[in-house]
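Novice: The sequence isn't on hand, but the structure is:
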C-alpha cells in the first residue's frame, strides 16, 4: 500500500499475532538518530506516552529499529 499521497501522523507497529504493538507519531520514526529517545504514544506494555531508545541511521539498510522498550534490552527480550 502506498502512503505517499495519504496524510497520516501515526504508525501502528505490531507482531503478526498482535500480542506486541506500539503506536508512535510519524515524526518519532522519521529522521536519522542513534540510541535516541523516541516517543511512543501507547503500547501493549504501557497505556500512556513514554520514550524508548531507537536506531535509524541512514547508512544502515536494515534500520530503523523500532521497539517497545530501549533497543538494547529489547533485542534479548523480543520486544523489537
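Specialist: Okay, I see it. Every value quoted in this text rests on a predicted model; they were computed, and no experiment measured them. Numbering: from 1, shown residues only.
Novice: Skipping its backbone neighbours, what lies nearest residue 26 in space?
Specialist: Nearest non-adjacent residue to residue 26, counting by CB to CB, 6 or more residues apart in numbering: residue 9, 5.1 Å away. Heads up, the C-betas are built off the backbone N, CA and C, glycines and all.
Novice: Can you verify my assumption that that neighbour contacts residue 23?
Specialist: No: applying CB atoms under 8 Å as the test, residue 9 and residue 23 come out as separate, 10.8 Å apart.
Novice: how about the strands in the chain?
Specialist: 10-14, 21-25, 33-40, 42-43, 50-56 (DSSP state E).
Novice: list the helices and strands the fourth one packs on?
Specialist: When you say that, I think you mean strand 42-43. strand 21-25 (3 or more CB pairs under 8 Å, 6 or more residues apart in numbering; DSSP states H and E).
Novice: neighbour-wise, which of residue 9 and residue 23 wins?
Specialist: Higher neighbour count among residue 9 and residue 23: residue 23, with 14 against 7, using other CB atoms under 10 Å.
Novice: what's that one in contact with, if anything?
Specialist: 10, 11, 12, 40, 41, 42, 43 (CB atoms under 8 Å, 6 or more residues apart in numbering).
Novice: Now, of these, which are buried?
Specialist: Among the contacts of residue 23, those scoring as buried are 11, 40, 41, 43 (criterion: 16 or more other CB atoms under 10 Å).
Novice: circling back to that earlier point, got the contacts of residue 23 as a markdown table, with pLDDT and distance to residue 33 columns?
Specialist: Below are the contacts of residue 23 laid out as a markdown table (pLDDT from 0 to 100; distance: CB to CB, whole Å):
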| residue | pLDDT | distance to residue 33 |
| --- | --- | --- |
| 10 | 96 | 18 |
| 11 | 95 | 15 |
| 12 | 96 | 20 |
| 40 | 98 | 14 |
| 41 | 98 | 18 |
| 42 | 98 | 21 |
| 43 | 97 | 19 |
